[in-house]
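In: Next input, structure requested:
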Amino acid sequence: MGKKEIRETKQRLIKVIDVTAFMVVANNMYSTVIHCQLEDGRSLSLYHVPYEIVIALNNLEQIEETAVVRASIFDILPQLAFFKEGISKILHRVIIDKLDLNTGLYTATAEFRFGELIVKRNMIPSHAIYLATVAGKPIYVTEELVSRYGEEE
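Out: Okay, here's the model as predicted:
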């Protein structure tokens, strides 16, 4: 039997240049959205993201300081200097790279660097976007996802 070669295919990545988190209200129903504007003029929107992430992203960007009656972990973490410094040191980048067509859920890969070692973790995209925003690290989307599911500006 011959050796089976396993290769990681290099996917073209498109950088996210702006992240906007908001809530859409229609007919007494709401949906939370994270809209990722891409460097090539296209965009990718993630729907039904956790409400707490929308609030936390807006608070990070100081778009609208929301009075929080009960703080979530996402409200507390960026206020802790050791967390912000620590995540900035180890988080390398976030790549939104998968969509499960059965569930309609996206997945992101967060790359953490520990010296020469890179650890990749599958994450909920909104949570990964939040970490990258706190850490000031780049966010990317694969060309394949943008071509299939992205939006033209």
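In: Could you check how far the residue positioned nearest the centre of the chain is from V146?
Out: The centroid of the chain falls nearest to I129 when counting by C-alpha atoms, centre = their mean (2.5 Å). Taking C-beta to C-beta, to the nearest Å as the measure, I129 falls 15 Å from V146. Using the backbone N, CA and C atoms, a C-beta is placed for each residue, glycine as well.
In: L131 now?
Out: Per C-beta to C-beta, L131 is found 21 Å from V146.
In: what number of residues lie near the closest residue in space to R148 that isn't next to it in sequence?
Out: The shortest distance from R148 to any non-neighbouring residue, by C-beta to C-beta, 6 or more residues apart in numbering, is to L99 (7.8 Å). Residues near L99, counting by other C-beta atoms under 10 Å, number 18.
In: model confidence over the helix or strand containing L99, on average?
Out: Element membership of L99, judged by DSSP states H and E, is strand 91-100. Model confidence over strand 91-100, given as mean pLDDT, is 96.
In: And stretch 116-131, by the same measure?
Out: The model assigns stretch 116-131 a mean pLDDT of 97.
In: Just the residues contacting it, thanks.
Out: Applying C-beta atoms under 8 Å, 6 or more residues apart in numbering, the external contacts of stretch 116-131 come out as 19, 34, 36, 46, 49-50, 53, 56-57, 60, 74, 87, 91-92, 94, 96, 98, 106-113, 137, 139.
In: Quick check: PyMOL command selecting the buried ones in the residues you listed.
Out: Entered in PyMOL, the line below selects the buried ones among these, by 16 or more other C-beta atoms under 10 Å:
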select buried, resi 19+34+36+46+49+50+53+56+57+60+74+87+91+94+96+106+107+108+109+110+111+112+137+139
